[in-house]
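# quick one, fold the following:
(chains A and B)
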2 protein chains.
Amino acid sequence: MTTISNIPAVQSIVKTVLHFGIDQAVLSPGSRNAPFLISFSAIESIKSESIVDERVAAFVALGKAQQTGSPVILCCTSGSAMLNYSPAIAEAYYQNIPLIIITADRPKEWIDRGEGQSIRQMEVISGIVSKQVEWDYHKSEADNQAIINEVFKYSIEYSSPVHINVPLHEPLYGVDEMDLSISSVITNTKPDFKRIEKEDFVTQYNSAIRIMIVCAQMNGLIDCREQVKRLSEDPRVVVLTETTANLYQLGYVCCIDRTLAAFSSENTDFVPDLVITIGENIISKRLKQYLRNHKERIDAHWHFGLKSMDVFDVARYSHGQNVREALASLAPTAQIVEKPFSTLWKNVFFKSEQSHLQALPELPYSDLKVFESIMDLIPDDWQIQMGNSSVVRYFQLFNQLPKNKYFGNRGVSGIDGCTSTAVGASKVSRDPVLLVSGDHAFRYDANALGVTGLPPRLKIIVINNEGGNIFRIIDGPRSQESIDVHIEHHEVKSVKGLVQYHGVEYRSASDIQSLETELAALFDSANDKTVVLEVFTPRLESPDVLKRYFASMR
Amino acid sequence: MTTISNIPAVQSIVKTVLHFGIDQAVLSPGSRNAPFLISFSAIESIKSESIVDERVAAFVALGKAQQTGSPVILCCTSGSAMLNYSPAIAEAYYQNIPLIIITADRPKEWIDRGEGQSIRQMEVISGIVSKQVEWDYHKSEADNQAIINEVFKYSIEYSSPVHINVPLHEPLYGVDEMDLSISSVITNTKPDFKRIEKEDFVTQYNSAIRIMIVCAQMNGLIDCREQVKRLSEDPRVVVLTETTANLYQLGYVCCIDRTLAAFSSENTDFVPDLVITIGENIISKRLKQYLRNHKERIDAHWHFGLKSMDVFDVARYSHGQNVREALASLAPTAQIVEKPFSTLWKNVFFKSEQSHLQALPELPYSDLKVFESIMDLIPDDWQIQMGNSSVVRYFQLFNQLPKNKYFGNRGVSGIDGCTSTAVGASKVSRDPVLLVSGDHAFRYDANALGVTGLPPRLKIIVINNEGGNIFRIIDGPRSQESIDVHIEHHEVKSVKGLVQYHGVEYRSASDIQSLETELAALFDSANDKTVVLEVFTPRLESPDVLKRYFASMR
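Now for the predicted structure:
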C-alpha cells in the first residue's frame, strides 16, 4: 500500500503514469501541486527529484528524456511557474523529445478574477506542445481517464511534449492508502511512423544522378543507420551527416561547413538533383544557404522525420514520417556514371581534411585550438553535450568521433538551458558526459549547478572568451561599435566563484600546455567528481583565427 | 544625425518610441534583433541597458515601469529568448504595468520549416499581453505605422504589456544616418478610465449601512487617495488597505490578516452589505476566505480597476474602470447608526494592535522578529520591495509605515523575479530601495545580481530560513513527510559565495543583536554601495512562533 493524495483526478493521473511505465519525474515545490508532490514522492518505482527553478527543472527533464527516449514527468504549481518551463518545452517540441507536463491550476471558475498565482494556463503554452488537455470536472472520471491516456500515448508515439492542466480545489493535503500495483505496464514503443507518403518516388530516385542524403539531429530516435549505409554504397549518393545525427561512418561527409568552405559557393557541381533530409534541424547555415541559392537546380527535396522541414525552399518538397520504410524501399543502382557525385564530394571533403591538418599546427592558441585539444584527448564512449551557439559550430569542424555520441539543443538553439540539459542527461546516462559551453550560456543557466546530486561523471568545460563571440564568427557586423555593448555583451569575469559557491570542483587553463594537462586529468577521472574546467581564450583573436582557418580551406 | 538601422520597419518603430517619449530600454544580445540593438544604443535620449538572461531583463524592465508608470522597451532575438520574458510579462499583465515587448523574428515564411531559433512567436505569449501586432510586409509602411501607434497608445492608456513581433530579413547590419529630432512628443497620459458602468449605484450606496472599501495593489496608478479619504469619514464605512495600495492613513485598517485573527471567522458582524474593491490583486487570503464564506450576506460587490476582480463570488458583482469618477459621485451620509460599522472594525483592529504589541516582546528570535526589527529601524522614505511569498505576508502584520512605499509582484505572485524587479526599480528610483526576500526566491533569481551597474541605493535582506517555509505558515500540511523533500525544498547553504561572486558586499546576522547592528549600518549607508544582508533564522521554530502570534490575537 502506498500513501498518495485522496483527490481522484490526481490518483487517476498517477495511475496512468505507472500504467505507461514512466519512471522519472522532475518536480518543483509549490502548494497547489502538493497533491502530486505527495503522490509521486511516495511511489518507489518513480525516481522523483525536486528543483526549485522551473526553468532548470524543465531542461533537466529534457536532458533525461533526450537520453532515454521515454517521457519524463514535469510537475509545477499554478501561475508563472509553468512559464519558466516554456523555453525547455519549445526545445522539446522542435527537437522531438517527450515530456509530460502536469500543471496544477486554481479551479477554472477562479481564473481572471483576482485570485493569486492564476493565469490562463491552457493558453500560454499552446503553441509549443503537441497536445493539451485539461481535467474536466463535468466529465466522468472514466472519460477524463480516456483523454489522459490518449495524451500519454501521443507523447510516447510522436516523441513530443504534451500538457495536462489540472484545476484543484482545496483541501489539497488529504491522503489515501492505495494499492498501486499495476497488472500490465504498457511498454514504451518508439514511434512507428505510421503515416506513409503515397508518392511514387522510387522511379524518381532511380533516375536521379546526384543524390544528397543529409542526416540531421535525431537523438537515436530514428533508427535508420543500416538503410542509410546501404544507400551510401551507390556512387550517385553522398551522405552528409551532422554530429547530432550520431550516424557517422567512414565515407560520409561529416564536416559540412569545412567542406563547403573548400569550394566556391558559386560552383554548382555540388548541387544535387535530389536532396533527402532525415531528422530535425540542420545546424550548418552554410549548407542551407548553398542549397537555397541553387534551389532551381534541385529537382526535389524529400524530408523524413516527425516534423516538416522545408528548409531549402525547393519547389518540389515532400514530407514523410516513415523514415525506415521509405529508405528501405530504395536501392542502390548498378548504373555507372562518369563523374560520380559521391566521389566529387568525398574528394573535396578529403581536401578540406588535408587543409585542416595543415592549418591547425600553424594557428595560435584560440577557441579553435581548444577544440582541437578536446577532440584529441576525449576518450571513446564519452558523451558530448554541445552548448549553443559557437560551441556546436566549432565541434562540427572536426571529423566526427565514431565512438562518441553528440547532443545539443538544436531544436530552438537557445543558450538558456545547455547546462541543465547536460545535468539531466548525466543523471540517466551510464557514460561520462562532457558539456562544452561558452561563458555566456554557462552564466545564463548557472542555477543548473544548484541541482542536488550532480553526478560525478559530469564534466563541464567553460570556454571563457569573455562573452559569446558567436556574432563575430557568423556573418555579421565587425564594424559597429555596438557589437561590444549590446550584441555581444562582453563579460570579463571568471566563473570560479560561481562554481565554488555550488560546491563544485573548479579548474582552469589559459594556454595549450595548461589546457592539455587539465584535460588529461579531467578525462582520467571519469567517475571521480563533477568538475568545471574554465578555459580562458583570447576574445578578439579567436574569431580572426577562425577566419584564417576557413581561408586556408580554399 | 544618428546612425541607426537602415531597415524601414526598425526605423519606423524606433521613431514611434521617440514620438511617445519613451526613454528606457532593456535589450538582450542577439543577432536577429541586432538592427534594434544598433538603433536603440545609438540614441542618446534612450537609456538602454543590456542584460543577457532574458528572464532577468524582463523583470528589470518591470521594476522600472512599476516606478515610472511609463512603458519600458524590451527587445530580444528570435526563438526561445521571448519565452524567458514570459514570467515577467504575466506579472505585468496582472499587475497593470506597461511594457512594450519588441521581438525580432525570422521571416514569416520560414517558421516551422526547420530554420534555427524559430518558434511561433505570435502564439506563445498571446494569453499574457493586452495587444499583439506583427509588422506586415504586405501592408504599407504607413498602415503598419498606424497599427504600431495604436499598440503604443494602448500600453500607455491601459498600463499593460503589449507585443510587437518584427520578422526581419538578412542583411541585418546595414545602417543609415538619420535626423531623429521629434517635433512633438506625445505626453504619456495616465489611464483616464473612460468606460463608466451605467449603474444607478448612488441609491444603493446611500441605503447601505455596512460598507467596506478594500484598497489593493495600485502602484500609484489610480490616484483616488482624496476620494477614499472623504468617504472614510462616514461611520458606515470601513477602509481596509493593503501595503501595496500605498494609500494608508490613520483610521484605516491596515493589518488585515492580524485583524481578522482577532475575531472568529463564524462571527458575521464584520460582514459588509456592500464591498467596494479598488486596484488589483488582494494579498490577504483570510479576507477573501471570510467574505466568500459569508457571501450570501453581502448585497453587492463593486470593483473599480482596469481588470475585473470578482474575487468574493458575490451574486451582484459590478466592474467599472472609472475609479475616481465613481468614488467622487458618492458621498458620506449624515445618517446616525447605532453600532457604526466603522467603529466595530476599528475596535477590533485596535485590539489586534494591542495584542501585537503585547505578544512581540515575548516571542523568541524568528522570522517574525526580524520583520519587527526592520520595521522599527527603516528610515522614512525608503521604498520597500517585498519578495514572495512569506515576506509579503509578514510585512502586512505590522502597521503600515505612512512614509514608505510598498511594492511587490502580486499580479501572479511568482518567486521568479523579485530581485530583478528590485534592481530595475532601484535604477530609476531616487529613494533608497530595500528588498526583503526569502533565500528560496533569492537563489531563483540570482542572475539579477549580475546586472551591470547595480545602484548603491539598493539594499537586499535575504531571510535564510533554509528554504521557503511559506508552506508551513499558510494552511497546509504539517504531517506529511514529503513537505521536507518536495513541497518546501529544504536548503541549508548560505548565499555568501553567490553574493561575493557578483562583487556585491555581503553581511550577515543570526540573532537579534547582530541583526540590529547590521540593520543600523545598512540604513545608515543609503548611498554607499549595494549590500546583501543575509539573516539566518530558525527553520522549524519560525512557523511555530507565527502560530503563537496568531493565537495571541484572540
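# show residues contacting stretch A:144-161.
A:9, A:12-13, A:16-17, A:20, A:69-71, A:89, A:92-93, A:96-101, A:128-131, A:133, A:135-136, A:139, A:162, A:164, A:188-189, A:191-192, A:221, A:306 (CB atoms under 8 Å, 6 or more residues apart in numbering or on different chains). (C-beta placed from N, C-alpha, C; glycine too.)
# for residue A:207, what are its contacts?
Applying CB under 8 Å, 6+ apart to residue A:207 gives no contacts.
# sorry, that was for residue A:464
A:439, A:494-495, A:534-537.
# let's see 6 Å
For residue A:464, the contacting residues are A:439, A:534, A:536, by CB atoms under 6 Å, 6 or more residues apart in numbering or on different chains.
# need the per-residue pLDDT for the closest residue to it other than its chain neighbours.
In space, residue A:464 comes closest to residue A:439 once its chain neighbours are excluded; the distance is 4.2 Å by CB to CB, 6 or more residues apart in numbering or on different chains. Model confidence at residue A:439, expressed as pLDDT, equals 94.
# that older thread, just the buried residues from the contacts of residue A:464, in PyMOL please.
A single PyMOL command selects the buried members of those (16 or more other CB atoms under 10 Å in any protein chain shown):
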select buried, chain A and resi 439+534+536
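# out of the contacts of residue A:464, which are inside helices?
Counted as lying in helices by DSSP state H, out of the contacts of residue A:464, are residue A:439.
# in contact with the residue of the stretch 201-350 of chain A found nearest chain B, which residues?
For the stretch 201-350 of chain A and chain B, the shortest gap (CB to the nearest CB) falls at residue A:309, measuring 3.4 Å. Neighbour list for residue A:309: A:277, A:303, B:114 [criterion: CB under 6 Å, 6+ apart].
# of the contacts of stretch A:144-161, just the buried ones, PyMOL syntax please.
Entered in PyMOL, the line below selects the buried ones among these, by 16+ other CB under 10 Å:
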select buried, chain A and resi 9+12+13+16+17+20+69+70+71+89+92+93+96+97+98+99+100+101+128+129+130+131+133+135+162+164+188+191+221+306
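# closest one of the contacts of residue A:464 to residue B:286?
residue A:439 (47.7 Å; CB to CB).
# can you spell out the domain ranges of chain A, please?
A:2-178, A:201-348, A:363-551 (automatic domain parsing).
# can you name the residues of the stretch 1-150 of chain A sitting close to chain B?
A:27, A:29, A:31, A:34, A:37-38, A:41, A:50, A:52-53, A:79-80, A:83-84, A:86-87, A:90, A:113-114, A:116-117, A:119-120, A:123-124, A:127 (CB under 6 Å from any CB of the partner chain).
# point out where the stretch 401-550 of chain A drops to low pLDDT.
Applying pLDDT under 70 to the stretch 401-550 of chain A flags residues A:467-492.
# go again with 90.
A:466-493, A:526-527, A:539-540 (pLDDT under 90).
# for it, what spans make up the strands?
Taking DSSP state E, counting those that start in this stretch as the test, the strands found in the stretch 401-550 of chain A are A:405-408, A:433-438, A:458-464, A:505-509, A:531-536.
# the ones you listed into JSON lines, with extra columns for distance to residue B:345?
Below are the strands of the stretch 401-550 of chain A laid out as JSON lines (distance: least, CB to CB, whole Å):
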{"stretch": "strand A:405-408", "distance to residue B:345": "62"}
{"stretch": "strand A:433-438", "distance to residue B:345": "58"}
{"stretch": "strand A:458-464", "distance to residue B:345": "59"}
{"stretch": "strand A:505-509", "distance to residue B:345": "59"}
{"stretch": "strand A:531-536", "distance to residue B:345": "58"}
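# ok, then the element right after the host helix or strand of residue A:290?
Element membership of residue A:290, judged by DSSP states H and E, is helix A:285-293. Later in the chain than helix A:285-293, the nearest helix or strand by DSSP H and E is strand A:300-304.
# how near is the closest residue to residue A:168 other than its chain neighbours to chain B?
In space, and not counting its chain neighbours, residue A:168 is closest to residue A:104: 5.4 Å by CB to CB, 6+ apart. Residue A:104 is 12 Å from chain B, where distance means CB to the nearest CB, to the nearest Å.
# whatever helix or strand residue A:104 lives in pairs with which strands?
Per DSSP H and E: residue A:104 is located in strand A:99-105. Here strand A:99-105 has these sheet partners by DSSP bridges: strand A:72-76 (parallel), strand A:161-167 (parallel).
# residues in contact with that strand?
Contacts of strand A:99-105 (CB under 6 Å, 6+ apart): A:32-33, A:61, A:65, A:71-78, A:82, A:92, A:121, A:155, A:161-168.
# mind listing what the residue positioned nearest the centre of chain A touches?
Centrality entry for chain A: nearest residue to the mean C-alpha point is residue A:409, 3.3 Å, by CA atoms, centre = their mean. Residues in contact with residue A:409 (CB under 6 Å, 6+ apart) are A:91, A:421.
# give me the residues contacting the helix holding residue A:290.
Counting by CB under 6 Å, 6+ apart, A:256-257, A:260, A:265, A:311-313 sit against helix A:285-293.
# now do the buried residues in that helix.
For helix A:285-293, using 16+ other CB under 10 Å, the buried residues are A:285-288, A:290-291.
# likewise for stretch A:151-160?
Judged by neighbour count using 16+ other CB under 10 Å, the buried positions of stretch A:151-160 are A:151-152, A:154-160.
# could you count how many residues lie near residue A:550?
19 (other CB atoms under 10 Å in any protein chain shown).
# gap between it and residue B:171?
To residue B:171, residue A:550 is 19 Å away according to CB to CB, to the nearest Å.
# then residue A:269?
27 Å.
# what does residue A:165 give?
Noted for residue A:165: a distance of 43 Å to residue B:171, by CB to CB.
# who's more crowded, these two?
Taking other CB under 10 Å, residue A:165 and residue B:171 do not tie; residue A:165 has more neighbours (19 against 12).
# surely residue A:97 meets residue A:63?
No: in this structure residue A:97 lies outside contact range of residue A:63 using CB atoms under 6 Å: 9.1 Å.
# how about the contacts made by residue A:451?
For residue A:451, the contacting residues are A:51, A:423, by CB under 6 Å, 6+ apart.
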